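Participant: missing the sequence, but the structure's below:
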């Protein structure tokens with residue numbers, strides 16, 4: 001790759017790349033991507049409940065379809081971008097929809113993900129992904145009763161935060177140079 005080209009892009013596209021990077025880090029602290037079925041009104045309302053409950057925990061819930069596409073990005077690229085800008089992902093997984101591909105993207109990209117699934121709906125969206133919480137240490141599944149969705153969201157937040165702490169500690173142990181960095185970097 002041509003580093004001089006990167007320098008020209010950096011200087012033309014941003015007034016300050018370090019400022020942009022700081023904003024990305026802030027996004028990783030505050031944002032949670034919320035995915036799930038979004039075609040039927042009742043399913044969208046569930047996503048809104050999740051988003052609103054996240055706000056009570058100090059997070060900004062991001063619902064994929066509410067954000068304008070970047071014209072040269074596919075839907076998958078949009079999912080990747082917003083997923084990587086988020087601290088973690090919450091996936092409502094009770095009904096089949098296109099979100100099953102989004103959930104697969106989460107696993108491929110090692111995004112900390114908590115899957116919420118109604119306990120009265122056997123199999124959830126698809127049995128093909130029912131092993132994700134078994135196969136991937138950064139994915140956890142929580143069953144819920146519809147009347148207790150808000151308390152389950154609070155539980156999901158705690159689970160995700162714990163997964164992030166565990167992952168950070170493991171990475172800090174693996175990457176010895178991080179031990180010399182000041183706190184917060």
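Facilitator: Ah, there it is. Note that the structure is predicted; figures quoted are calculated from it, not measured.
Participant: So in terms of bridging, what pairs with the residue nearest the centre of the chain?
Facilitator: When C-alpha atoms, centre = their mean is applied to the chain, the residue found nearest the centroid is residue 89 (2.5 Å). On the basis of DSSP bridges, residue 89 is bridged to residue 33, residue 113.
Participant: residue contacts, it?
Facilitator: Contacts for residue 89 (C-beta atoms under 8 Å, 6 or more residues apart in numbering) come out as 32-35, 83, 106, 111-114. The way it works is simple: take the backbone N, C-alpha and C, and place the C-beta from them, glycine included.
Participant: Please repeat the previous calculation with a cut-off of 10 Å.
Facilitator: Residues in contact with residue 89 (C-beta atoms under 10 Å, 6 or more residues apart in numbering) are 32-35, 62, 79, 82-83, 102-103, 105-106, 109, 111-115, 138-139, 160.
Participant: So which of those sit within helices?
Facilitator: Using DSSP state H, 79, 82-83, 102-103, 105-106, 160 are the members of the contacts of residue 89 that sit in helices.
Participant: Quick check: of those, which lies closest to residue 19?
Facilitator: Within those, proximity to residue 19 (C-beta to C-beta) peaks at residue 82, which comes in at 20.3 Å.
Participant: For that closest one, give its distance to residue 126.
Facilitator: Here the criterion is C-beta to C-beta, to the nearest Å. By it, residue 82 lies 22 Å from residue 126.
Participant: Leaving out the residues flanking it, which one is nearest to residue 51?
Facilitator: Excluding the flanking residues, the one nearest residue 51 by C-beta to C-beta, 6 or more residues apart in numbering is residue 61, at 3.2 Å.
Participant: No further queries at this time; thank you.
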